[in-house]
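Chemist: Structure of the sequence below:
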Amino acid sequence: MTDNIPLQPVRHKKRHDNKRRDGCCPWSRCCGGGDFRPRTVWLGHPEKREQRYPRNVINNQKYNFFTFLPGVLFNQFKYFFNLYFLLLACSQFVNELRLGALYTYWVPLGFVLIITIMREAVEEMRCFLRDKEVNSQIYSKLSTRGTVVGVVIYTGKELRSVMNTSNPRHKIGLFDLEVNCLTKILFGALVVVSLVMVALQHFAGRWYLQIFRFLLLFSNIVPISLRVNLDMGKMVYSWMIKKDSKIPGTGVRASTIPEQLGRISYLLTDKTGMISCLRFLILKNVALHIYSLWRKPSQSASRAPGATKVRKTISSRVHEAVKAIALVHNVTPAYESNGVTDQAEAEQHYEDTCRVYQASSPDEVSLVQWTESVGLTLVGRDQSSMQLRTPSGQILTFTILQIFPFTYESKRMGIIVRDESTGEITFYLKGADVVMAGIVQYNDWLEEECGNMAREGLRVLVVAKKSLTEEQYQDFEARYVQAKLSVHDRSLKVATVIESLEMEMELLCLTGVEDQLQADVRPTLEILRNAGIKVWMLTGDKLETATCTAKNAHLVTRNQDIHVFRPVTTRSEAHLELNAFRRKHDCALVISGDSLEVCLKFYEYEFMELACQCPAVVCCRCAPTQKAQIVRLLQERTGKLTCAVGDGGNDVSMIQEADCGVGVEGKEGKQASLAADFSITQFKHLGRLLMVHGRNSYKRSAALSQFVIHRSLCISTMQAVFSSVFYFASVPLYQGFLIIGYSTIYTMFPVFSLVLDKDVKSEVAMLYPELYKDLLKGRPLSFKTFLLWVLISIYQGSIIMYGALLLFESEFVHIVAISFTSLILTELLMVALTVQTWHWLMIVAELLSLACYIASLVFLHEFIDLYFITTLSFVWKVTAITLVSCLPLYILKYLRRRFSPPSYSKLTS
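Modeler: Below you'll find the predicted structure:
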């Protein structure tokens, strides 16, 4: 038996930005690209299969075994300075350009690459283990009840939910792009200095070779240690986030972008990311009496022999409503061992303590749990039957004749069951009010009650039923089977047959699922708002429900007006509504997904300009692809960093599109947290993640990068002065181990210890989120601060070199000894000048580096005169040069703090 099934992949709009959407590699089709052919499924004859289909597993890895090394190397050498140092190291194989030993160039480059490859390998392995764990859990759930029988048509990357999401991409942080820009400026300075040196030689001789030699001689202007210091700093920040006891369970999936957390301007969150639990409500006017009605229906009637028929009708309708809710769902009860009762025994006796409910939607579980709380318990289910237990212990068995799953297109689900005790066949249906209003019998209260419940923040479902005779069902089944066997237009024919039943159904009840906010959601949103972060809520709920949730969470403050964007379908309607919205000031915007699509189609620029001015935006009835589109438009139109927060599979596209994606491990599974850059267990942890860790990561990396640049510019300035004094000769001032030791064992530990520095305590950062707002302007790392550090480097390098030339006595090695020792001491003192809060490891790093230098002098007799460094003359000369290079900066720092203190200094005093 065969069946031809055409696959229709979801097509994404072409991107107009420069972000890569490639998967593991740009040259392969393994990431779900390409056109799909009609599929032939052989039932019972797997050997006849001609096509290979994707494995049905979750995979969030960026690389595979074959693309890992090429992919990592590509992502590294697309950075300007890494490519520059590769060319620099290769040039040393040319004899005319060689300035020293090969190891002086290849060892630092190799060290940088090894650190990067190891970090990426660890992240990929962790991602692989997480995916393996989730895949194993899914398999265990499927096989809980024994043999699984079914036909899987769509698998792996061809699943609709997967094709609606984008492939994992390698995100590059804004901070890294800014550092890359600064290194290009430094490279430009390197070329200019080299040309000036050759020009001052009047381009004599083989001047073109001299240009290349000067490029190599001043190569320290572009520091190779910058990338490895920043990468190791990112690893430290990630470790600090994971080890923070105040945000337990927080995970870091992408350790390359922790600085992004410190510069977020727009936070886009799904509503369920702020929700902790679901509470089910039904027919609130009779809810308190349902349990007693189930237990004692006969006693209730006997107490009032003259009770009206209306009371009996209410009692029977309540019974029928609860039974409908207990039957129309896709929940399966599973039984697990609890240490006292094993699984088989628990399943046989329906042990309440061993039972757990499994379903694709937490709302479904909430409904079944509610029916259990009022006395009707779902105790068993398989492919063909369902068992319910009444309060008296009686087991009601229902045969499942047909089941019609919920889809986003139909917005409803139905089931046809036969009661084994009575033989009655009943069709139960539940769905959204917008579709059920045309299915149920006429009534005058449905629309009003649905509106009332939605305004209370409830997700409303309408439940209805229809009794069928045996003849009616047999007729339906014959038409239904025939429609399913159709080769052409199968889906349309099946839907038509089902709709023939969905007519004049009896309305039973309304259900409402209430989203209860997690702890401290309101203060967290207030912190984000005070930090200058605008919060947008994107949800698939109704407009009234989304608005109520926004008010309840204080996303919209009490003194803010709300502008509800009217439904628009044409260009003229959108134009009029945008003009009306333009006249509003400082008000929150609430808009539906359909209206949003119309506005973006005709007035994208105007709408985004107005929306970005709003303090808060709520998008309801929003599809997953629309969420990602909104994130992309914010990035393009504002140029600001975005952070997306979600907890479900429909949030994955938004999370991956954002500059920083945060997944909340909630009731909708782990798909969002596995695909995110960072994962948290509660929404309130987002405040500390941004205000403390994000802020510290950005400020520390800014200080670290500028100090590494300062360290390299100092020694380059000294080389420039030295070459100028000695007739612009392309001769290195320091050779061999001195040049490598300078940026490694002598200064690496103190400089890297800046990753432990902090300007304020974490409690202060949380108490005053306004401190975060200062970072949004990018002041810690800007052209102004960069120029300041360049001037400091030129000043100190010149003072040290000219001082050594002025004070040396007779031999060249004395210049090396005086200048190099003064340089090391200057760097150690500058670290001490930069530090704002001392950590004990900083002191250890300073003393250890100084001890390493003093101890290594014994082995540096080739470059330094050991007898000279023990004399008093050497000591006072080094001391004088070091004081002249550092003391003025200490005085300037004191005066600045005294008369123009930074904003945080008042909080630390």
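
Chemist: State the distance from the closest residue to residue 233 other than its chain neighbours to residue 842.
Modeler: In space, residue 233 comes closest to residue 755 once its chain neighbours are excluded; the distance is 4.6 Å by C-beta to C-beta, 6 or more residues apart in numbering. For the C-beta atoms, the positions are set from N, CA and C on the backbone; glycine is no exception. Counting by C-beta to C-beta, to the nearest Å, the gap between residue 755 and residue 842 amounts to 10 Å.

Chemist: who has more neighbours, those two?
Modeler: Neighbour count, other C-beta atoms under 10 Å: between residue 755 and residue 842, residue 755 has more, with 23 against 20.

Chemist: lowest-pLDDT helix or strand in the protein?
Modeler: Lowest by mean pLDDT, DSSP states H and E among the helices and strands of the chain is strand 2-5, with a mean of 39.

Chemist: how far out from the middle of the chain is the helix or strand following it?
Modeler: For strand 2-5, the succeeding helix or strand toward the C-terminus, using DSSP states H and E, is strand 39-42. Offset of strand 39-42 from its chain centre (C-alpha atoms, centre = their mean, to the nearest Å): 38 Å.

Chemist: Any buried residues in the following helix or strand past strand 39-42, and which?
Modeler: Sequence order places helix 68-77 as the next helix or strand after strand 39-42, per DSSP H and E. In terms of neighbour count (16 or more other C-beta atoms under 10 Å), helix 68-77 has its buried residues at 68, 71, 72, 75, 76.

Chemist: how about CSV for the residues you listed, with distance to residue 709 and pLDDT added?
Modeler: Putting the buried residues of helix 68-77 into CSV (distance: C-beta to C-beta, whole Å; pLDDT from 0 to 100) gives the following:
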residue, distance to residue 709, pLDDT
68, 31, 86
71, 29, 85
72, 25, 85
75, 22, 78
76, 19, 77
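
Chemist: so which helix or strand takes in the residue most central in space within the chain?
Modeler: Nearest to the geometric centre of the chain sits residue 661, at 1.6 Å (C-alpha atoms, centre = their mean). Under the criterion of DSSP H and E, residue 661 resides in strand 660-664.

Chemist: That strand pairs with which strands, and in what direction?
Modeler: strand 641-646 (parallel), strand 678-680 (parallel) (DSSP bridges).

Chemist: ok, and what's touching that strand?
Modeler: 257, 260-261, 264, 273, 641-647, 651, 654-655, 670, 672-683, 686, 689 (C-beta atoms under 8 Å, 6 or more residues apart in numbering).

Chemist: average pLDDT for that strand?
Modeler: Taken as a whole, strand 660-664 has a mean pLDDT of 91.

Chemist: next one: stretch 206-215
Modeler: 82.

Chemist: heads up, I number from 45, so please use that
Modeler: I'll keep to 45 as the first residue from here, and by that count the last item is stretch 250-259.

Chemist: and that stretch, how far from the chain's centre?
Modeler: A distance of 48 Å separates the centroid of the chain from that of stretch 250-259, by C-alpha atoms, centre = their mean.

Chemist: And stretch 401-410, by the same measure?
Modeler: Using C-alpha atoms, centre = their mean, the offset of stretch 401-410 from its chain centre is 25 Å.
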